[in-house]
Each structure stands twice: as C-alpha cells, then as structure tokens.
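Trainee: One predicted model, sequence on top.
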Amino acid sequence: MRSGALLWRTPETYATTAREFLVAEDGEGVLEGCVALRAYPGDARAPVGVPAVLHNFCVRSGRQRRGVGSRLLAALLREAAARSVGEVFAATTGGGEAFVRSGFRETDAGRAPRAWAVSLDPGRGSRVFARSLTAQPTAGAGATRPRPDLRVW
C-alpha cells in the first residue's frame with residue numbers, strides 16, 4: 001500500500017469484507033498475497049451471469065514473479081464460476097500483465113458494474129480489464145504450476 005498501488009481502506013472496511021478475500025500463504029503460514037471478489041448481482045449491464053469485480057490483488061514484496069499471483073487469480077476465477085459470475089472486471093495502475101496471462105482483456109470501464117465504474121478515480125490512470133467466464137478461455141489462460149509450498153484459501 002505504501003507504493004500507492006492500492007487504495008487506502010480502513011481496518012473496519014477489511015473486517016466487514018473479509019469473506020470476499022482469498023489469501024495465499026507459504027508452508028509456514030506467512031501471508032504471500034491476497035485478492036478479493038465482489039459480485040454486483042443487480043447490475044443490468046451483464047449479458048450473462050452476475051458481473052463481479054476483482055479488487056485488492058497484491059503479492060508480498062520479494063515474492064512476486066513466483067506464481068503466487070497466478071495461483072490467486074486462478075483460485076478467484078474458480079470461485080467466481082462457482083458463484084455464477086459471468087464476467088470479472090479489474091482495474092490496475094500497473095501494466096496488467098498478470099491479468100492478460102490469466103485471460104483478461106483490456107476494456108472500457110463503461111462495461112463494468114456501474115456502482116464500481118463510477119468509483120474509479122480518473123486521476124489514478126487505471127486501466128480496466130475483463131474476463132468472461134461464459135466463453136472458453138484461450139489455451140493456457142490462467143494455467144498455473146503446482147506449488148506444494150503455497151496454500152490458497
């Protein structure tokens with residue numbers, strides 16, 4: 001959060017939304033990363049299924065580029081599919097490579113759930129990505145190598 005990549009949120013916000021999160025920890029129980037999924041069931045923009053937004057996706061400094069983020073994204077997409085999500089959206093101030101590797105494509109914020117899209121701060125310069133869960137993913141999209149020393153829950 002110190003880098004400014006994530007929006008600051010109060011501890012109370014995290015406490016009330018804890019059930020939205022998946023976390024990854026190493027074999028010794030040390031937190032490696034997290035990601036959250038929030039569904040927007042009343043949004044009429046979704047052509048099929050419930051739209052959802054991925055947020056607070058981060059991997060601990062020094063543990064990046066080791067498959068932690070890919071495992072978190074793959075687990076989140078499985079969870080989204082199990083919850084009848086039709087499309088998952090995400091915003092990033094970074095390059096978005098992790099999203100693209102997991103089958104996301106850059107899109108317009110106007111396609112995303114309205115309540116979320118209007119909350120995006122234009123001053124941050126975020127790029128919006130989306131992944132349909134109703135279409136067949138491209139070969140290798142979201143594929144991850146097993147890591148016996150990493151647990152995602």
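Mentor: Okay, I see it.

Trainee: Next, the residue nearest the centre of the chain: phi, psi?
Mentor: In the chain, the residue lying closest to the centroid (Cα atoms, centre = their mean) is Leu54, at 3.3 Å. With angles defined as degrees, to the nearest 10, Leu54 sits at phi -90, psi 130.

Trainee: In which helix or strand does the nearest residue to it once chain neighbours are set aside reside?
Mentor: Distance criterion Cβ to Cβ, 6 or more residues apart in numbering; nearest residue to Leu54, sequence neighbours excluded, is Ala90 at 4.2 Å. (Glycine included, C-beta is placed from N, CA and C.) In the assignment (DSSP states H and E), Ala90 maps to strand 85-92.

Trainee: now Ala80
Mentor: Using DSSP H and E, Ala80 falls in helix 68-82.

Trainee: and that helix, what other elements does it pack with?
Mentor: strand 21-26, strand 31-39, strand 50-59, strand 85-92, helix 97-101, strand 150-152 (3 or more Cβ pairs under 8 Å, 6 or more residues apart in numbering; DSSP states H and E).

Trainee: Please give the number of neighbouring residues around the residue nearest to Leu54.
Mentor: 25 (other Cβ atoms under 10 Å).

Trainee: tell me which residues in stretch 95-107 are buried?
Mentor: Buried residues in stretch 95-107, counted by 16 or more other Cβ atoms under 10 Å: Gly96, Ala98, Phe99, Arg101, Ser102, Gly103, Phe104.

Trainee: And stretch 110-118, by the same measure?
Mentor: Neighbour count says stretch 110-118 has Ala112, Pro113, Trp116, Ala117 buried, by 16+ other Cβ under 10 Å.

Trainee: Now render the buried residues of stretch 95-107 as a markdown table, adding distance to Val23 and pLDDT.
Mentor: As requested, those are exported to a markdown table (distance: Cβ to Cβ, whole Å; pLDDT from 0 to 100):
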| residue | distance to Val23 | pLDDT |
| --- | --- | --- |
| Gly96 | 22 | 91 |
| Ala98 | 17 | 90 |
| Phe99 | 19 | 94 |
| Arg101 | 20 | 92 |
| Ser102 | 18 | 93 |
| Gly103 | 22 | 95 |
| Phe104 | 21 | 96 |
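
Trainee: Thanks a lot, see you next time.
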